[in-house]
Structures are given as C-alpha cells and as structure tokens.
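K.L.:
Take a look and give me a structure for this.
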Amino acid sequence: MKSQLALILCSILVTFAVEAFTAEWDKYKTYVATDKEDIYSTWVNPDVKAGHSQKRTYKADSVVEWFVSANSAAPDYVGRYLIISKWKDSEGNIWYKTHAVDPHYQYFSLIKISNSGDTLEIVEDLNDYPRKIDPNHVNYDIYSREQRP
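P.N.:
The predicted model follows:
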C-alpha cells in the first residue's frame, strides 16, 4: 500500500515538473515567421525625434535597415532581427516582440501595427523588452507604412 501511494505521489510530482518545464521552455521558443508578416515593409516618419531613424525597413530575410533621413536611398545602418513573438489584440492590432542587432547595439523592441496596417508604433530598449507602448518613452517612435514588399 505504501509503495502504491509513493508511486502515485511520484507520478504526480513528475507530471507537475514536466508541465513546469514545458511552460518555462515555451518562454524561450522563438516565433516562426511566415512569408507574409505584417511587419515586412518600409515605414517612414520624417518628423521623428532627433537622432532617431526617419525610415526603417523590415525584410522577410530578417534584415532591418535604418535610414537617418526619410529621403535616403541607401540605409545608414543594416542589422538583423528576429521575431520573438506575435499576437493580435481584441481590437485587431498586431503586436510583435523583436530582437535586433546592428554593428553597435542590440535592441529589444515592442511593436504595434494598427488594425488598418498603416501605422507602426515601436518602443525599443537596450536591456529588456518594453512592457507597453508608451509615447513618452525616450525610444518611442511612430511610423506610417511607405510601401509593402
């Protein structure tokens, strides 16, 4: 009887451990991007804060280009990015968490694309993913879609 009880308790303990491990593992699982992500586009705002990119392009091959001027033909910086997660909220806005690197920095980003698909809001941080889109954040920017790929 004691051995059966011990076996049942061990089975329950193992089940909880496996579920806990699976939940922890899922936090680090990367989103697998499709060929037609909403982020793939060129986004512009010639009125962004000084020192911020007026134009940025997210490409399907995980390349991101930053342009100091919205009128530039060639990017000032080229980096790589990875979509960590994607979801849609109750209003139909599309959200992304991305991790990007350029030759100088790494960026943890929270991105919101409007339900119309025409506006991208972004907050970037050098240390961790932002928790919300805050227009008062020092690294908040808003862009309009210039073109779809």
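
K.L.:
Okay, now the unreliable bits of this structure?
P.N.:
Low-confidence segments of the chain (pLDDT under 70): 1-30, 147-149.

K.L.:
Tell me which helix or strand the residue nearest to the spatial centre of the chain sits in.
P.N.:
Centroid-nearest residue in the chain, with C-alpha atoms, centre = their mean: residue 97, separated by 2.0 Å. Remark: residue 97 resides in strand 94-101, with elements defined by DSSP states H and E.

K.L.:
Surely residue 144 touches residue 47?
P.N.:
No. Contact criterion C-beta atoms under 8 Å: residue 144 and residue 47 do not qualify, at 10.5 Å. Any C-beta I mention is one placed from the backbone N, CA and C, and that applies to glycine too.

K.L.:
Mind checking which of the two has more residues around it?
P.N.:
residue 144 (13 against 8; other C-beta atoms under 10 Å).

K.L.:
what about the more buried one, distance to residue 43?
P.N.:
With distances taken as C-beta to C-beta, to the nearest Å, residue 144 is found 7 Å from residue 43.

K.L.:
list residues touching both of those two?
P.N.:
Overlap of the contact sets of residue 144 and residue 43 (by C-beta atoms under 8 Å, 6 or more residues apart in numbering) consists of residue 120.

K.L.:
number of nearby residues for the nearest residue in space to residue 55 that is not next to it in sequence?
P.N.:
Nearest residue to residue 55 in three dimensions, chain neighbours excluded: residue 67, at 3.8 Å (C-beta to C-beta, 6 or more residues apart in numbering). Neighbour count for residue 67, taken as other C-beta under 10 Å: 19.

K.L.:
Settle this for me: residue 77 is touching residue 56, isn't it.
P.N.:
No. Assessed by C-beta under 8 Å, residue 77 is found out of contact with residue 56, at 9.5 Å.

K.L.:
returning to what we had before: which residues lie in contact with the residue nearest to residue 55 in this structure?
P.N.:
Residue 67 is in contact with 53-57, 75-76, counting by C-beta under 8 Å, 6+ apart.

K.L.:
neighbouring contacts of the lengthiest strand in the chain?
P.N.:
For the chain, the strand that runs over the most residues, judged by DSSP state E, is strand 77-88. Residues from elsewhere that reach strand 77-88 (C-beta under 8 Å, 6+ apart): 30-31, 33, 37, 39, 53, 58, 62-66, 94-104, 129.
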